[in-house]
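In: Generate coordinates for the sequence data below:
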Amino acid sequence: MKTAQQLLAERRHPIRLVIFDCDGVLIDSEGLASRVVSAELRSLGWPITEEECERRFLGSSLRDIIEQTEAVTGRPVPLDFGETLGAVMIEALRTSVEAIPGAAAALEALTRAGMPWRVASNSTHDEMAVKFGRTGLSRLVGDRQHSAEDMMRIGLNGKPDPHLFLAAAAAGHTAPGDCVVIEDSVPGARAARAAGMTCLGFSPHASGEILAAEGAGIFRAMAELPGLLGLAKVAA
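Out: Prediction:
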């Protein structure tokens, strides 16, 4: 299993753009999301636990959730499922979500150093607005965010397909090979690999083996990131 430092040492091109995932990387929302999603799926007849929900859907898009739910239950989900789930999720996020320790300091360090960065998430823009607003990251993120819903509007997919990361690179006027992606999920790591980008796997609580199996280099704390990228190390 390679560390982030080892993987970065293998790069032959300078880093010109860093692309962050949102949930589990900048925002500590994945446990909350699993509670909300599992409750909604149970109401549709799927007796899924929070733990199984997180295993199945970590980093997944709404389309993935709908397709798997229909396969398990054998019937279509309501047409307004996405809208209903989004409303419940946003209300939960508005009162409970917090930033990942060290995330704000890392973003500030990249900005001070002149390192371009963007955010690419399977979350909707409305969800990200609530997450970044509550945690105070809106002032840093601004208009740098990209959502899977942008891809779906033009007939493409979010992660694990590469389109979202490629769109972020294009918006940053950067070739894919000059990008580094920060991810914590298997779909995200697969999307980065498919896009031809180096992936650093953020794994503060687990071994990171499942991310390493997708080609990611593992690191444990967001405060390490600026140093890994050749910038000054920051405190959490």
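In: Helix or strand next in line after the longest helix anywhere in the chain, which one?
Out: With residue count as the measure and DSSP state H as the assignment, the chain has helix 81-96 as its longest helix. Where DSSP states H and E defines the elements, the next helix or strand beyond helix 81-96 is strand 98-99.
In: Return the following helix or strand past that next one as PDB; C-alpha atoms alone will do.
Out: Scanning forward in sequence from strand 98-99, with DSSP H and E defining helices and strands, the next element found is helix 103-112. The C-alpha coordinates for helix 103-112 follow below in PDB (Å, rounded to 0.1, in the frame of the first residue of the first chain):
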ATOM      1  CA  ALA A 103      -9.900  21.400   6.200                       C
ATOM      2  CA  ALA A 104     -10.300  25.200   6.500                       C
ATOM      3  CA  ALA A 105      -6.600  25.600   7.400                       C
ATOM      4  CA  ALA A 106      -5.500  23.400   4.400                       C
ATOM      5  CA  LEU A 107      -7.700  25.300   2.000                       C
ATOM      6  CA  GLU A 108      -6.300  28.600   3.300                       C
ATOM      7  CA  ALA A 109      -2.700  27.300   3.000                       C
ATOM      8  CA  LEU A 110      -3.300  26.300  -0.700                       C
ATOM      9  CA  THR A 111      -4.900  29.700  -1.400                       C
ATOM     10  CA  ARG A 112      -2.000  31.600   0.200                       C
END
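In: Summarise which helices and strands helix 103-112 is packed against.
Out: Contact analysis of helix 103-112 by 3 or more C-beta pairs under 8 Å, 6 or more residues apart in numbering; DSSP states H and E lists strand 117-121, helix 138-141, helix 225-228 as its packing neighbours. In this view, the C-beta of every residue, glycine as well, is placed from N, C-alpha and C.
In: change it to 10 Å
Out: Helices and strands touching helix 103-112, by 3 or more C-beta pairs under 10 Å, 6 or more residues apart in numbering; DSSP states H and E, are strand 17-20, strand 117-121, helix 138-141, helix 225-228.
In: per-residue confidence averaged over that helix?
Out: The average pLDDT within helix 103-112 is 96.
In: Which of the helices and strands packed on helix 103-112 sits closest to Ala171?
Out: Taking C-beta to C-beta as the criterion, strand 117-121 is the member of the helices and strands packed on helix 103-112 that comes nearest to Ala171, at 6.6 Å.
In: before we move on, back to that, would JSON lines of the helices and strands packed on helix 103-112 with mean pLDDT and mean neighbour count be doable?
Out: As requested, the helices and strands packed on helix 103-112 are exported to JSON lines (pLDDT from 0 to 100; neighbours: other C-beta atoms under 10 Å):
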{"stretch": "strand 17-20", "mean pLDDT": "98", "mean neighbour count": "25"}
{"stretch": "strand 117-121", "mean pLDDT": "98", "mean neighbour count": "26"}
{"stretch": "helix 138-141", "mean pLDDT": "96", "mean neighbour count": "16"}
{"stretch": "helix 225-228", "mean pLDDT": "95", "mean neighbour count": "21"}
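In: Which of these sits closest to Leu156?
Out: Go through the helices and strands packed on helix 103-112 one by one with C-beta to C-beta and the one that ends up closest to Leu156 is strand 117-121, at 12.8 Å.
In: Backbone dihedrals for Arg35, please?
Out: Backbone dihedrals for Arg35, given as degrees, to the nearest 10, come out at phi -60, psi -50.
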